[in-house]
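Undergrad: Predicted model, plus sequence, below.
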Amino acid sequence: MENHSSYKRVFLFFKQFLIKPYSRQFYTSTFLSAISSAVWLYNAYALASIVNFVVAYKPNQSLTPLYTIFIIWFVVICVRHITLFLSRYIGMSTSERAGKDAEVFSIEHLSLLDISWHEKENTGNKLKKIDRASQNIIDGMRLWLGSIIDIIVSVVGSFIIIAHFDANLSGLLAVYLVVYFGIARFTRVRATKAKQIVNIKDEEITGLFFEIISNIKTVKVLGMAKKILGYTKEGVIDYAQKAKKRVYWYQVAGMLRGLWEGFGRIALFIFVIWNIFKGHYEVSFLVLFYGYFSTLTNSIGNFSDVAQEVATYNANIVRLTEMLDEPINIESEKNKVEFPTVWQFITMKNLSFMYGDVPVLQNIDLQIKKGEKVGIVGLSGAGKSTLFKLLLKEYENYDGEILIGETSLKTIKKSSYTKHMAAVLQETEVFNMSLKQNVVLANSNEIDNETLFEQALDIAHVRDFLPKLKDGVETKIGEKGVKLSGGERQRLGIARAVFKQPEILFLDEATSHLDIESEQKIQDSLKKFFKNVTAVVIAHRLSTVKEMDRIIVIEDGKIIEEGTFDELYSKDGRFRDFWDKQKI
């Protein structure tokens, strides 16, 4: 049984992005389309009237009635095509805008969803859902203006006109239509189910394609193309098998509808001809009936195709609306407060976190003074990056507390928190914009502050590689920053963080792609910048944290040592062990 609630969601989707914001354009184009379809019903009536006039014509009879028919027909043709043009011009141009509105809204919503949700599905799948649903707004408007309105007007108009001449014939037509729509519905349900299965598989394949292209360097360098393309070929074979079932039901639908339409046409025409022989109808009624019955059958044939398309739109839009129904948790500002204006400590109390059933952090107790520089070290998998993610407010499903002053981090608005902090991650993500835009976008309030921009370039030593960029800071650096090396992207990330002028600075392996000399130059420059911030630095390269005020050693999700570099080195404990191994 078809899910009527899902069709309601589709209607609400169109209402949200098309009908409500562009109501004037929508209703104007709808009215014009209805006028266009209504006047076109005159064709069959005109032809029947001409046949009736010709059959009854006598020599020297006035031709005025015939001229009147042709004049009206000429006017109808003009009205038909002018209203059709205006309707589609207004409606389709509006739907193009509405489609883009839906894309922007969807991307905006996705940007507010928690990281934990984004980790469940690859980017290609998300983009495919958005693209399909937004395109369906355009296709839906085309269907509404080009088919649905015409079907409604033609079916209702033809049925009323035929019923006006003979109620018995209209009763037979009603039976014909009921059976036709029953066949259409039976096949549509099965075709739609098959289509949904194919769409899901298509999204999986598209997602893998996206990952291949977005990770093309790794694919090429490691010679992974043959193997990973093998996976896509396996997916394509599975897709083709599922597509066969979809094609089968589409073709069965067409065959059954065609058979019933043909049988019904013959039966109804026999009925009309029989009544002409019996003198109940004039010969011209055969022409009239043929015209309106053809209009009727063409319309209901189109209706079945339209219903199939609507069912496909339904599946696509429901998959997007399911995504849009995902609740905004961390980014929600309901019952949240601003970042505290006065605070002295970042405090973690009995902080624990699990990925599923696997404990990653266990009972972390740590207090960081405002202005303090703290380094966090440990083996891979010790929990450093997880602690970093919690401090970045990426997850909130932890036990214990993180406090900024006396305020729980969970209760602080994410938008307010990000205004006061900056982060440089292991992999600096950049946009296909100019180098300058990639830096200044981090602080929209200072976007035209050239002095601050120059300072950020100096501290991050971005000027070291500017000469190789054709247009300097205005050079577009390519998708994912492909024109920059890993170290250069990290310098850009540091410049971005400096430009933001944060109170709290988080660095996660922020210089891991730099050579020793470049790292030392940046660390020297950051010392001055560090004076005005609270810094939390994660590092595998222990020289990075040597001059921190305090170093925290994490192992198996627990703090096992803490102190200054000299204190930890003299303890001859785990940190000393790490240090000595790196110096070998």
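TA: Nice, thanks for sending it over. Everything numeric here is computed off the predicted structure, so don't read it as measured data.

Undergrad: which residues touch L229?
TA: By Cβ atoms under 8 Å, 6 or more residues apart in numbering, L229 lies in contact with I212. The C-beta positions use only the backbone N, C-alpha and C, and glycine is treated the same way.

Undergrad: which residues touch stretch 396-404?
TA: So stretch 396-404 is contacted by 114, 116, 329-330, 339-340, 343, 345-353, 361, 363-364, 390-391, 408-410, 412 (Cβ under 8 Å, 6+ apart).

Undergrad: can you tell me how far the residue positioned nearest the centre of the chain sits from G371?
TA: Nearest residue to the geometric centre of the chain (Cα atoms, centre = their mean): I130, 2.8 Å. Separation of I130 from G371 (Cβ to Cβ, to the nearest Å): 44 Å.

Undergrad: domain parsing for this protein?
TA: Residue ranges for each domain of the chain read 4-324, 345-583, as given by automatic domain parsing.

Undergrad: Could you pull up the contacting residues of F388?
TA: Contacts of F388 by Cβ under 8 Å, 6+ apart are 376, 506, 508, 536, 538.

Undergrad: Remind me which helix or strand L127 belongs to.
TA: L127 is part of helix 123-143 when elements are defined by DSSP states H and E.

Undergrad: Report the secondary structure state of I328.
TA: Under DSSP: H, G, I helix; E, B strand; the rest coil, I328 falls in the coil class.

Undergrad: ditto for V54
TA: Classified using three-state DSSP, V54 is helix.

Undergrad: how close does it sit to I69?
TA: According to Cβ to Cβ, V54 and I69 sit 11 Å apart.

Undergrad: if you count what's nearby, which of these two comes out ahead?
TA: I69 (17 against 10; other Cβ atoms under 10 Å).

Undergrad: What's the first helix or strand after the helix or strand of the chain with the lowest mean pLDDT?
TA: Taking mean pLDDT, DSSP states H and E as the measure, the chain has helix 216-221 as its least confident helix or strand, at a mean of 64. Using DSSP H and E, the helix or strand that follows helix 216-221 in sequence is helix 225-277.

Undergrad: tell me the mean pLDDT for that next one?
TA: For helix 225-277, the mean per-residue pLDDT is 84.

Undergrad: So what's the gap between that helix and the chain middle?
TA: 30 Å (Cα atoms, centre = their mean, to the nearest Å).

Undergrad: again with stretch 15-35
TA: Mean C-alpha position of stretch 15-35 versus that of the full chain (Cα atoms, centre = their mean) differs by 24 Å.

Undergrad: are any of the contacts of stretch 396-404 buried, and which?
TA: Buried members of these, scored by 16 or more other Cβ atoms under 10 Å, are 114, 330, 339, 343, 346-348, 351, 353, 361, 364, 390-391, 409, 412.

Undergrad: before we move on, back to that, among the contacts of F388, name the ones in strands.
TA: 376, 506, 508, 536, 538 (DSSP state E).

Undergrad: so how many other residues sit close to the third one?
TA: This points to D508. 20.

Undergrad: ok, it to E401 distance?
TA: 22 Å.

Undergrad: mind listing what E211 touches?
TA: 122-124.

Undergrad: Tell me which helix or strand it sits in.
TA: Counting by DSSP H and E, the element that carries E211 is helix 167-214.

Undergrad: Mind checking the pLDDT average for that helix?
TA: Here the average pLDDT along helix 167-214 is 81.

Undergrad: hmm, back to that, looking at the buried ones among the contacts of stretch 396-404, which is nearest I77?
TA: For the buried ones among the contacts of stretch 396-404, the residue nearest I77 by Cβ to Cβ is D114; the value is 58.7 Å.

Undergrad: residues contacting the closest one?
TA: Taking Cβ under 8 Å, 6+ apart as the test, what D114 contacts is 329-331, 394-396.

Undergrad: how much space between it and S299?
TA: D114 is 48 Å from S299, by Cβ to Cβ.

Undergrad: Secondary structure element holding E333?
TA: Judged by DSSP H and E, E333 forms part of no helix or strand.

Undergrad: Just give the number of residues close to it.
TA: Burial of E333 is recorded as 12 neighbouring residues (other Cβ under 10 Å).

Undergrad: Kindly report the same for Q251.
TA: By other Cβ under 10 Å, neighbour count at Q251 equals 12.

Undergrad: likewise H109?
TA: H109, neighbours per other Cβ under 10 Å, totals 17.
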